[in-house]
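K.L.:
okay, sequence plus prediction incoming.
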Amino acid sequence: MSTYSYDFVKKLSFTRPAGSPEAKKAAEMIMEEIASLGGTSVYEPFKIPACRFHKYGAKILAPYEKEIEVLPYGCSGSLPEGGVNLKFLYAEEGKPEDFLGIGDLSDTVVMLNALSLDAYKILCEKHAAAFMTISNKHYHNKDNHDLVYRPLRDRMLAFGKIPGFMVWAHDATEMVRDHVESIHLELISEDYEADCGNVVATIPGTEITNESMVVTAHYDSLTVGTGAWDNATGSATIMYIYRHFLKNAPRRTMHFIWCDAEELGLLGSKAYVAQHEDLIKDEIRFCFNFDMCGTILGPSSVKVTGRESLMSYAEQFCKEMGHSARITRSVHSSDSAPFADKGVPSISLSRRSTTADIHNRYDVIFPLSAEQLKKDGDIAVAFISRVIGSRVLPEPMGMPDDILKELDRYFGRK
Ligand SMILES: [Zn+2]
């Protein structure tokens, strides 16, 4: 049995956050692999907003004093030198209902269950001095889990900049239970631009040259964990697919894109779409995306972003192949989304085991196998062959109304 994908997953499984030397190394490894297969690739650079922290901390002041561990949100600005003493408010979901009778929040740090665009917008309108979000479960601590660096996204920063902090769930639980009144917060950070890049390899079509497909997978990880499942597996799977089509020339052109900076808000695929407007307009007609494959335990997932007819096409394919999968139709929060947003019918293939974990130190090799990675690669090759080789593509460009609405929400345009 071929262990090709699994061997490549093992090689790529190291922490490689976008903008770091390790991400650059991962890109080089992908380019070397393409070259060793006899193909060629280009590194398409782009910049991302990045941030380094010079100083940060949090200390509860009243009704008791206690230092708590926090991790700031990247690109969320700084607080005045020496820090600030702020009132504390737990606003749950950050809905208007959570702020009844409260106008100005310029002397307050607001703690939310999680960060949503709607809640952030309200915090900006009320001039909140800072915000906090709750991470992990109450039984987690730094010995067994992680606070994971995340930058504030553009769509949030469009409303304003509020210094943000992640707090551990056990601290958050105590703070609300014990009616914390005030906190001292410090944050001095510095924004800069970091260098990133997508690796792109193209296999020209033999017959239909005015229509092409993109095959996408992100190769960056977050700042913790080895990113084995998310997404060394997708990167290896599209290499497996690339290797197949290099030997079996497709009827239409295929662009393979190993995207950088997906974890920071699909920045690599967005950069590709922005850098290749003409290709999107004139040529790219289908997208297959791979984000998290190869877990020993299932289920498999087929996520369709397109019309009901594309969903039926996927269902029919799974029946034909005997491929047991959860087939759903929606926007996938991965690199297919910027293509779907341009009307490109998109399908994401993945494994969705609930027993494995991502975005923390537990994203490791153990839940993955060579056998399942090969199986996922083979089903992908079969599915893509059917689409890329069809006389007429199974779906025309364009998205139905429900998906258009979902895309608007997803990209913060509603
Ligand atoms: Zn991912």
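P.N.:
Everything's here; your move.
K.L.:
which residue is the nearest non-sequential neighbour of Tyr4?
P.N.:
Distances taken as Cβ to Cβ, 6 or more residues apart in numbering put Tyr240 closest to Tyr4, at 5.8 Å, once the chain neighbours are dropped. Where you see a C-beta, it was placed from the backbone N, CA and C, and this is true even at glycine.
K.L.:
ok, now Phe159?
P.N.:
Excluding its sequence neighbours, the residue lying closest to Phe159 (Cβ to Cβ, 6+ apart) is Cys124, at 4.2 Å.
K.L.:
from the ion, how far out is the one you found?
P.N.:
The span separating Cys124 from the ion equals 29 Å under the rule Cβ to the ion, to the nearest Å.
K.L.:
which element is Ser189 on?
P.N.:
Assigned by DSSP states H and E, Ser189 belongs to strand 182-203.
K.L.:
check Val381 too.
P.N.:
Counting by DSSP H and E, Val381 is part of helix 370-388.
K.L.:
residues making contact with the helix or strand just after that helix?
P.N.:
Using DSSP H and E, the helix or strand that directly follows helix 370-388 along the chain is helix 401-410. Contact partners of helix 401-410, identified using Cβ atoms under 8 Å, 6 or more residues apart in numbering, comprise 305-306, 329-331, 333, 337, 340-341, 399, 414.
K.L.:
the closest residue to the ion within the stretch 51-200 of the chain: what secondary structure?
P.N.:
At 13.2 Å from the ion, Val148 is the closest residue in the stretch 51-200 of the chain, using Cβ to the ion. Of the three states, Val148 takes coil under DSSP: H, G, I helix; E, B strand; the rest coil.
K.L.:
I figured it was touching Asn360, is that so?
P.N.:
Yes - the criterion here is Cβ atoms under 8 Å, and Val148 meets it with Asn360 at 6.5 Å.
K.L.:
list residues touching both of the two?
P.N.:
Val224.
K.L.:
just give me how far stretch 25-41 sits from the chain centre.
P.N.:
Relative to the chain's own centre, stretch 25-41 is displaced by 23 Å; criterion: Cα atoms, centre = their mean, to the nearest Å.
K.L.:
tell me the centre residue of this protein?
P.N.:
Glu263 (3.7 Å; Cα atoms, centre = their mean).
K.L.:
my read is that that residue contacts His218, right?
P.N.:
Yes - taking Cβ under 8 Å as the definition, Glu263 is a contact partner of His218 at 7.2 Å.
K.L.:
contacts only, for Ala337.
P.N.:
266, 269, 305, 331, 346, 407, 410-411.
K.L.:
out of the contacts of helix 401-410, which one has the lowest pLDDT?
P.N.:
Note: of the contacts of helix 401-410, the lowest pLDDT belongs to Lys414, at 71.
K.L.:
spatially nearest residue to that residue (excluding sequence neighbours)?
P.N.:
Lys414 sits nearest to Asp408 (Cβ to Cβ, 6+ apart), 4.8 Å away.
K.L.:
which residues does Asp191 contact?
P.N.:
Counting by Cβ under 8 Å, 6+ apart, Asp191 has contacts 49-51, 75.
K.L.:
specify the beta-bridge partners of it.
P.N.:
Counting by DSSP bridges, Asp191 is bridged to Cys51.
K.L.:
can you give me the strands in the stretch 251-400 of the chain?
P.N.:
Along the stretch 251-400 of the chain, the stretches classed as strands by DSSP state E, counting those that start in this stretch are 252-259, 284-290, 300-305, 325-329, 346-351.
K.L.:
quick one: the second one to helix 370-388, angle?
P.N.:
Yep, that's strand 284-290 we're talking about. 170 degrees (axes from the mean of the first three to the mean of the last three Cα atoms, to 10 degrees).
K.L.:
next structured bit after the lowest-mean-pLDDT helix or strand in the chain?
P.N.:
Within the chain, no helix or strand scores below helix 154-157, which has a mean of 90 by mean pLDDT, DSSP states H and E. Following helix 154-157 in sequence order, the next helix or strand is strand 164-168 (DSSP H and E).
K.L.:
for that next one, packing partners?
P.N.:
strand 42-62, strand 70-72, strand 130-135 (3 or more Cβ pairs under 8 Å, 6 or more residues apart in numbering; DSSP states H and E).
K.L.:
how about the least confident helix or strand of the chain: buried residues?
P.N.:
156-157 (16 or more other Cβ atoms under 10 Å).
K.L.:
from the chain's centre, how far out does that helix sit?
P.N.:
Mean C-alpha position of helix 154-157 versus that of the full chain (Cα atoms, centre = their mean) differs by 16 Å.
K.L.:
now for it, which elements pack on it?
P.N.:
helix 117-125.
K.L.:
who are the contact partners of the closest residue in space to Tyr120 that isn't next to it in sequence?
P.N.:
Leaving aside its sequence neighbours, Tyr120 sits nearest to Met156 (Cβ to Cβ, 6+ apart; 4.8 Å). Going by Cβ under 8 Å, 6+ apart, Met156 touches 115, 117, 120.
K.L.:
buried subset of those residues as a PyMOL selection?
P.N.:
With 16+ other Cβ under 10 Å as the criterion, this PyMOL line picks the buried residues out of the contacts of Met156:
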select buried, resi 115+120
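K.L.:
of the contacts of Met156, which one scores lowest on pLDDT?
P.N.:
Within these, lowest confidence goes to Leu117 (92).
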